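J.: What would the 3D arrangement of this be:
(one chain, ligands or ions: 1)
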Amino acid sequence: MYNPESTRAEEFICESEILKTLGYAEKNKNNTELIDRILEKARLRKGLDHREASVLLLCEDKEKNKEILELACQIKKDFYGSRIVMFAPLYLSNYCVNSCVYCPYHIKNRHITRKKLTTDEIRREVIALQDMGHKRLAIEAGEDPVNNPIEYILEAIDTIYSIRHKNGSIRRVNVNIAATTVENYRKLADAGIGTYILFQETYHKKSYEKLHPTGPKHDYAYHTEAMDRAMQGGIDDVGLGVLFGLELYKYEFAALLMHAEHLEAVYGVGPHTISVPRIKKADDIDPSVFDNGIDDDVFEKIIACIRIAVPYTGMIVSTRESAECRERILKAGISQISGGSKTSVGGYCEPEPEGENSEQFDVSDKRTLDEVVNSLMKLGYIPSFCTACYREGRTGDRFMELCKKQQIQNCCHPNALMTLNEYLCDYASEETKFIGQELIKKELGNIPNEKARLLTEENLRKISAGERDFRF
Ligand code: SAM
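T.: Below is the predicted model:
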């Protein structure tokens, strides 16, 4: 039976509720009266439930679809202003005992080059990332209790936080590793991680079991209940996601929102972020063999409907998507993107030698971080390297409370400008620096409170003079 307050996967991601939702959305996809009522509720910016959002997702009316997209853009602006948070993935190890059929790290892949970074190699990768200007990383690893035990991950986190190279520092380490125990989540929380990210891949139990035929990841309930264990282990911020292309997108969409509702109902705080990866070509993986691929129009609509349903949840898109596609979906609701990413193990220091390949998937947006930052600013966005909320303890429900009251932008806007200035002074090309400093001058004028504006100006001057403030 459907019960969002239960901590059992089969009850909070209840198949019959998903099917009823799809039936309801299908029946009402042209019901303009209902769609108008849902849009009116959405304009209150307090979100929608999975049924209401599913009706919007399936809506076929051209004019209403335009309204949906415009509303998503507006909500994005209201909650996030023009800030886009920047990050990079760091692949620690591609050893894996699972058999995910869409992932080249699967255990049967004998020709992919297996690599695991040593402490020294981690140090070199982190210095390369700091030299690009990154402050926020997402660490990635396959699941392998022998090669990548929790102790290895914890040591890696420690190493990453300890490195100070020139003006560089990694100030927030998000973690994307396999589902684990409450005890291990507690260790990750104690290590000071930012968000714990785990993609559900698919919420469809039968497909999930087929797509993960062997290995610990085969256990659907254990995987689906991972965020509950993470929260019980003291991790405040968790990041959800599905791998679009594996199953019917409408099914995944409803279930993803049910997962968010479950976390809110039980722990008083929904997901900190939602990621929207699509399957990509990789070593021995051909995305065209999966039947449920979605085109860019559907992708944009999914993002817009998630933005409307959970206005205060960050949304992440990676370099799996092309520069053009990323520009398009930024408008629809994305708030966080990666830049200059490498998906190979050790790829930031040096390119892999001929004949070696440890990549997880082909990157579509191959621009450098400087090029991404430059083009974001030309589009009017403020690339932000800020990690202040996390550093000041504004995580979990404390972050959500501020965000729901649309208060985050009062501190986020100045912090974004200050961390952008750090980036411009320390790492940017001449052209990017020029564009950025003009943008900062203009954006200073958008800080309504005079005291805050003067303080920001003062801090910007200090940064330009070489002072760095690790609270950001
Ligand atoms: N081992 C961890 C786990 O099982 O969740 C971390 C996973 S992996 C490093 C990060 C994510 O990459 C996976 O959760 C999956 O969604 C995604 N991924 C795997 N193969 C992919 C592919 N061919 N194209 C795009 N994304 C892929």
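
J.: now the strands: where do they sit in this protein?
T.: 83-93, 136-141, 172-176, 196-197, 238-241, 273-275, 314-317, 336-338, 382-384 (DSSP state E).

J.: Would you mind listing what in the stretch 251-400 of the chain touches the ligand?
T.: Applying CB under 6 Å from any ligand atom, we find that the stretch 251-400 of the chain lies next to the ligand at 277, 279, 280, 282, 285, 320, 360, 361. To be clear about C-beta, it is placed using only N, CA and C from the backbone, and glycine gets the same treatment.

J.: hang on, isn't the third one packed against residue 287?
T.: When you say that, I think you mean residue 280. Yes - judged on CB atoms under 8 Å, residue 280 makes contact with residue 287 at a distance of 6.1 Å.

J.: which one of those two has more residues nearby?
T.: Remark: of residue 280 and residue 287, residue 280 carries more neighbours, 20 against 15, as counted by other CB atoms under 10 Å.

J.: Name all residues that make contact with that one.
T.: Shown in contact with residue 280 (CB atoms under 8 Å, 6 or more residues apart in numbering): 287, 320, 361, 362, 364.

J.: repeat for residue 417
T.: Residues in contact with residue 417, defined by CB under 8 Å, 6+ apart, are 382, 440, 443, 444, 456, 460.

J.: so which of the residues you listed is the most crowded?
T.: If you count neighbours using other CB under 10 Å, the busiest of the contacts of residue 417 is residue 382, which has 25 neighbours.

J.: shouldn't that residue be in contact with residue 81?
T.: Yes - look at residue 382 against residue 81 with CB under 8 Å: they come within range, at 7.4 Å.

J.: Quickly list what's touching both of the two.
T.: With contacts taken as CB under 8 Å, 6+ apart, residue 382 and residue 81 have 413, 416 as neighbours in common.

J.: Pull out the buried members of the contacts of residue 280.
T.: Among the contacts of residue 280, those scoring as buried are 320, 361, 364 (criterion: 16 or more other CB atoms under 10 Å).

J.: Find the nearest non-adjacent residue to the last one, please.
T.: With CB to CB, 6 or more residues apart in numbering as the criterion, residue 364 has its nearest non-adjacent residue at 4.3 Å, and that residue is residue 322.

J.: Could you report the pLDDT at the residue lying farthest from the centre of the chain?
T.: No residue in the chain sits farther from the centre than residue 33, which is 34.2 Å out by CA atoms, centre = their mean. pLDDT for residue 33: 98.

J.: how close does it get to the ligand?
T.: Distance, residue 33 to the ligand, using CB to the nearest ligand atom, to the nearest Å: 39 Å.

J.: residues from the stretch 51-200 of the chain in reach of the ligand?
T.: Checking the stretch 51-200 of the chain against the ligand by CB under 6 Å from any ligand atom, the hits are 102, 103, 140, 142, 143, 176, 177, 178, 198, 199.

J.: mind redoing it with 8 Å?
T.: Residues of the stretch 51-200 of the chain lying near the ligand by CB under 8 Å from any ligand atom: 91, 94, 96, 98, 100, 102-105, 140-143, 176-179, 198-199.

J.: Alpha carbons only: can I get stretch 164-172 in PDB?
T.: Output in PDB follows, covering the C-alpha atoms of stretch 164-172 (Å, rounded to 0.1, in the frame of the first residue of the first chain):
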ATOM      1  CA  ARG A 164      46.200  24.100  -0.200                       C
ATOM      2  CA  HIS A 165      47.900  24.900  -3.400                       C
ATOM      3  CA  LYS A 166      48.600  28.600  -4.200                       C
ATOM      4  CA  ASN A 167      45.200  30.200  -3.400                       C
ATOM      5  CA  GLY A 168      43.300  27.000  -4.100                       C
ATOM      6  CA  SER A 169      41.300  24.800  -1.800                       C
ATOM      7  CA  ILE A 170      38.500  22.300  -2.200                       C
ATOM      8  CA  ARG A 171      35.800  23.600   0.100                       C
ATOM      9  CA  ARG A 172      33.000  21.100  -0.500                       C
END
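
J.: That one: which residues count as buried?
T.: Applying 16+ other CB under 10 Å to stretch 164-172 flags 168, 169, 170, 171, 172 as buried.

J.: what residues does that stretch touch?
T.: Residues from elsewhere that reach stretch 164-172, judged by CB under 8 Å, 6+ apart: 126-127, 129-131, 133-137, 160-161, 163, 194, 387, 390-391, 422, 426, 466, 468, 470, 472.
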